[in-house]
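J.: A predicted structure for the sequence below; I have some questions about it.
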2 protein chains.
Amino acid sequence: MSVSALEQTTSPSGKAGGRHRVVVVGSGFGGLFATRSLKRADVDITLISRTTSHLFQPLLYQVATGILSEGEIAPATREILRRQANVTTVLGEVTQIDVAARTVTSQSLGRRAVTPYDTLVVAAGAGQSYFGNDQFAKHAPGMKDIDDALELRGLILGSFEQAELAAIRGDKQEVARLMSFVVVGAGPTGVEMAGQIAELSRRTLKSDFRHIDPTMTTITLLDAASQVLSAFGDRLGVIAQRRLEKMGVDVQLGAKVVDVDATGIEVQDRAGDVRRIEAICKVWAAGVQASPLGKAIADQTDAQVDRAGRLQVEPDLTVPGHPEIFVVGDMIALDNLPGVAQVAIQGGKYVATTIKHRLAGSPADKPFSYFDKGSMATVSRFSAVASVGKLRFGGFIAWVTWLVIHLFYLIGFKSRITTLLHWGISFLGRGRAERVITEQQVFARAAIERLGPDHQPHLP
Amino acid sequence: MSVSALEQTTSPSGKAGGRHRVVVVGSGFGGLFATRSLKRADVDITLISRTTSHLFQPLLYQVATGILSEGEIAPATREILRRQANVTTVLGEVTQIDVAARTVTSQSLGRRAVTPYDTLVVAAGAGQSYFGNDQFAKHAPGMKDIDDALELRGLILGSFEQAELAAIRGDKQEVARLMSFVVVGAGPTGVEMAGQIAELSRRTLKSDFRHIDPTMTTITLLDAASQVLSAFGDRLGVIAQRRLEKMGVDVQLGAKVVDVDATGIEVQDRAGDVRRIEAICKVWAAGVQASPLGKAIADQTDAQVDRAGRLQVEPDLTVPGHPEIFVVGDMIALDNLPGVAQVAIQGGKYVATTIKHRLAGSPADKPFSYFDKGSMATVSRFSAVASVGKLRFGGFIAWVTWLVIHLFYLIGFKSRITTLLHWGISFLGRGRAERVITEQQVFARAAIERLGPDHQPHLP
């Protein structure tokens, strides 16, 4: 694997000088960091993404629970890359990669674009997985993009609005269903969502209603595993679970979801018994499925995908037999690397370095090695758990560490400032700056609508 | 008109003590200020609104152009009223007012609620008017609520994204259409929108694209009248027009819109000649139509509505023959009062005072008199026009006045702080903090979609 493989594919139809063409698919951590790290490289980069923003996914739950605005965690990708002259950012959903022809086909509003590449970096991430039960999605939205977060915001806050109306009508059964929230999956996202719904109901909404008492909200966190935050080890799992229980979250472990419908969820325990939890608002934070582009590449090459759709890549993050195709982030299956931001960021940077070395004719790089900077999850304000190297710690110090690190990784000075302000409002105060429910949150509405059979959608 | 009319309707089914029941319809300026001014009154208030937020409509254009987040201009109504124990806030679209039975029927997600009142305050505001051409709405969205603003944000920013793609394809005609923006109506909203689209294209997006030059965007501001900002008088109209033209806005007066379709707009000049302007993104800021609840009341009483659907009320803001029904804000036709926030705010306060006086058995109040605090409109950063008393001034001083007054009227300390920050980002810097386009902005997408006949909507 040397520059030769690259040289022979340099397109004669390229720009003046026939610069090496790099196509990057995805504007998440992997795609963005690969692109930025190629800033001084003599290449033409085309970054293709189906969204116009770079999403800071670890804070998505804060948009869903009204702490942050969508702009704070999703700055415009083309603004971030504004000064990087060797990048063209284009909107488009990649529908096909032609490995033999070395082209990427993308689509936006029905128009197709075919972009040739000399080197391809695929960083299309992962979506929600319902483990083969896609019909659950209708009743239990996931937490993967801004639309999901806004939908959940409408669903969570809208549930309290509808509960107040049901209480005025005297319909106790419906009040109970509407004031019951179920979060499926006790990984970081599930723990953070459950914790924030608890804070919302116990603190933010405490005095906002007259006919319901939001502090009486039932919050259930389910997981089929036997502990919370299983990736963090026993001790931190126990710390997080105790903290959640102290906040009134009912943590149910060894509980496998077997059915989800409009008004509830059915779970099976280890003994095989099935029980039902009544709840209108269910949040799915249980599993991920890599972008179907992984499978598309596997179908054309000797590469394999695992059950989660992740592509088995070479130690240098290339596709077997195709040194010109790199895959980074949540899409790869390599050495049991977790699907976290740091794997994508470091992968993106590694790939950029490899591309630069190849173009310079340097010898092959060392394999990609992931440096684990640690993992953390917030449970509530002032309380987090962190696993850094051999250190395991929880509580306030972990929370402050979480806060500083997340501020540091947020892109842009202005996002950091307004985010810090909004955190002040929410953590020191009791407010939530972003509680708007729009008509456009149609899916959220649709979920609550199932309660009202004679509903006429009100649209402009 | 004394307390007698009220006493006889006090419901026996009321709460302990049978407190006087006030129902307020609408959470805009009129409804909110009427409610807040009844804070210390011995009444039970039910505030019914079809949204969960109090919208600060004068800044809606800043949400549409990415300066502010929706939460900053639309705080949750029930949070504002949290400490006011005599108010129940409920979500619902009022579908009927039964004047004889003294009840209000509202609906949310298909469920109906009937709320009896002793005194009714109707403050349901106004929607967009297309002057009988409702089919225009599909192609030229209005600017009345948060959904409109987010839709326009998606449409405006999405147009540049699509223009970049069209430029890569080499489709010059489509680039021109996508980079042509038309604003219909040269009142404050239209002037502010045109000014902000100019700022977006000339400053914010200047270096963001590689295949189009956003500074070459065509922006057309149309009005059938012979001057810009006709309510502000000749001199300020000329100042605003010159400033807009300096920013590259093509101001076309005496231009009546006769047709709007997916790719353009047709206007007729005073001589009767019709010409076409090609543009995908059209913004309708031309007319208002009062809530249909005005007509519903007129149909049951001796009251009349004018062409804009506004109810002709008595000098004390009551419906003729119905001293128990007050109407405030954009819904009233009285002494040619303009449809501005101050009319609604002062009307709401006046009505609250009248209710308190009646309950105390005081003699009838003086008629409502509107104190004109002045009007202002921003044209661009650092430039506004203001009309205060006999003073007419434009430029930087007017802009600073605008800024201070708007910050003052924004509700909540936290909104003021974050808004000031976002203004700093946008006016001193060149950024826009809120550029997210969501999948949920379906109408915006639909508008651009018309370009692509083979489009498959991508929904989760």
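T.: Here it is on my side, so go on.

J.: What count of nearby residues applies to the residue in the stretch 51-200 of chain A that chain B sits nearest to?
T.: As assessed by C-beta to the nearest C-beta, chain B sits closest to A:Gly110 within the stretch 51-200 of chain A, at 2.7 Å. Using the backbone N, CA and C atoms, a C-beta is placed for each residue, glycine as well. As a burial measure, A:Gly110 scores 15 neighbours (other C-beta atoms under 10 Å in any protein chain shown).

J.: Over to A:Gln252?
T.: When neighbours are counted by other C-beta under 10 Å, A:Gln252 registers 16.

J.: Next one, pLDDT for it please.
T.: A:Gln252 is assigned a pLDDT of 98 by the prediction.

J.: Please name the nearest non-neighbouring residue to it.
T.: In space, A:Gln252 comes closest to A:Leu222 once its chain neighbours are excluded; the distance is 5.2 Å by C-beta to C-beta, 6 or more residues apart in numbering or on different chains.

J.: Touching, A:Thr353 and A:Leu38? I think so.
T.: No - between A:Thr353 and A:Leu38 there is no contact, the gap being 9.3 Å when judged by C-beta atoms under 8 Å.

J.: These two: who's more crowded?
T.: Counted by other C-beta under 10 Å, A:Thr353 and A:Leu38 do not tie: A:Leu38 has more neighbours, with 26 against 17.

J.: which stretches of the stretch 51-200 of chain A form strands?
T.: A:87-91, A:93-98, A:103-108, A:111-116, A:119-122, A:126-129, A:180-184 (DSSP state E, counting those that start in this stretch).

J.: what's the answer for the stretch 251-400 of chain A, then?
T.: When assigned using DSSP E, counting those that start in this stretch, the strands of the stretch 251-400 of chain A occupy the ranges A:256-260, A:264-268, A:274-278, A:281-284, A:287-290, A:311-312, A:318-319, A:322-327, A:332-333, A:375-380, A:383-388, A:391-395.

J.: Give me the sheet partners of the third one and which way each runs.
T.: The sheet places strand A:274-278 alongside strand A:264-268 (antiparallel), with pairing taken from DSSP bridges.

J.: Could you say which of the strands of the stretch 251-400 of chain A is packed most deeply?
T.: Across the strands of the stretch 251-400 of chain A, averaging neighbours per residue (mean count of other C-beta atoms under 10 Å in any protein chain shown) puts strand A:281-284 on top, at a mean of 27.

J.: Given that strand, what are its sheet partners and their directions?
T.: Partner strands and pairing direction for strand A:281-284 (DSSP bridges) are strand A:180-184 (parallel).

J.: what residues are up against A:Pro315?
T.: The contact partners of A:Pro315, by C-beta atoms under 8 Å, 6 or more residues apart in numbering or on different chains, come to A:334, A:367-368.

J.: Closest one to A:Ala308 out of those, please.
T.: Proximity to A:Ala308 was ranked across these by C-beta to C-beta; first place goes to A:Leu334, at 12.8 Å.

J.: Tally up the residues packed near A:Ala186, please.
T.: Other residues near A:Ala186 number 28, with proximity taken as other C-beta under 10 Å.

J.: quick one: the residue nearest to it when sequence neighbours are not counted and chain B, what's the gap?
T.: Nearest non-adjacent residue to A:Ala186, counting by C-beta to C-beta, 6+ apart: A:Asp223, 3.7 Å away. Note on A:Asp223: its distance to chain B, by C-beta to the nearest C-beta, to the nearest Å, is 23 Å.

J.: Tell me the predicted confidence for A:Asp223.
T.: Taken from the predicted model, the pLDDT recorded for A:Asp223 is 97.

J.: just checking, it touches A:Gly190?
T.: Yes - shown here, A:Asp223 and A:Gly190 form a contact pair, counting by C-beta under 8 Å, at 7.2 Å.

J.: Touching both of those two, which residues are there?
T.: Shared between the contact lists of A:Asp223 and A:Gly190 (criterion: C-beta under 8 Å, 6+ apart) are residues A:184, A:286.

J.: so what's the residue nearest to A:Ala186 up against?
T.: Contacts of A:Asp223 were listed using C-beta under 8 Å, 6+ apart, and they are A:184-186, A:190, A:252-255, A:286.

J.: now those: which count as buried?
T.: Under a neighbour-count criterion of 16 or more other C-beta atoms under 10 Å in any protein chain shown, the subset of those counted as buried comprises A:184-186, A:190, A:252-253, A:255, A:286.

J.: JSON lines please, covering the strands of the stretch 51-200 of chain A and showing mean pLDDT and distance to B:Cys281.
T.: Formatted as JSON lines, the entries for the strands of the stretch 51-200 of chain A read as follows, by pLDDT from 0 to 100; distance: least, C-beta to C-beta, whole Å:
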{"stretch": "strand A:87-91", "mean pLDDT": "97", "distance to B:Cys281": "16"}
{"stretch": "strand A:93-98", "mean pLDDT": "96", "distance to B:Cys281": "22"}
{"stretch": "strand A:103-108", "mean pLDDT": "95", "distance to B:Cys281": "16"}
{"stretch": "strand A:111-116", "mean pLDDT": "95", "distance to B:Cys281": "17"}
{"stretch": "strand A:119-122", "mean pLDDT": "98", "distance to B:Cys281": "33"}
{"stretch": "strand A:126-129", "mean pLDDT": "94", "distance to B:Cys281": "31"}
{"stretch": "strand A:180-184", "mean pLDDT": "98", "distance to B:Cys281": "40"}
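
J.: mind checking which of those strands is nearest B:Gln57?
T.: Of all the strands of the stretch 51-200 of chain A, the one in closest proximity to B:Gln57, counting by C-beta to C-beta, is strand A:87-91 (30.8 Å).

J.: what angle do the closest one and strand A:111-116 make?
T.: Counting by axes from the mean of the first three to the mean of the last three C-alpha atoms, to 10 degrees, strand A:87-91 points 150 degrees away from the direction of strand A:111-116.

J.: Dump strand A:87-91 to CSV, restricted to CA.
T.: As requested, C-alpha coordinates have been extracted for strand A:87-91 and formatted as CSV (Å, rounded to 0.1, in the frame of the first residue of the first chain):
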residue,chain,number,x,y,z
VAL,A,87,-13.2,22.2,1.0
THR,A,88,-16.5,22.3,-0.8
THR,A,89,-19.4,21.4,1.5
VAL,A,90,-22.5,20.0,-0.1
LEU,A,91,-25.8,18.9,1.1
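
J.: Show me how far it is from its chain's centre.
T.: Using C-alpha atoms, centre = their mean, to the nearest Å, the mean C-alpha position of strand A:87-91 is found 22 Å from that of the whole chain.

J.: Which strands or helices does that strand pack on?
T.: Applying 3 or more C-beta pairs under 8 Å, 6 or more residues apart in numbering or on different chains; DSSP states H and E, one finds that strand A:87-91 contacts strand A:43-49, helix B:146-169.

J.: worst average pLDDT in the ones you listed?
T.: Taking the mean pLDDT of the helices and strands packed on strand A:87-91, helix B:146-169 comes last: a mean of 92.

J.: I'd like to know how far A:Phe56 sits from A:Asp145.
T.: 12 Å (C-beta to C-beta, to the nearest Å).

J.: How about A:Glu199?
T.: In this structure, A:Glu199 and A:Asp145 are separated by 23 Å, where distance is defined by C-beta to C-beta.
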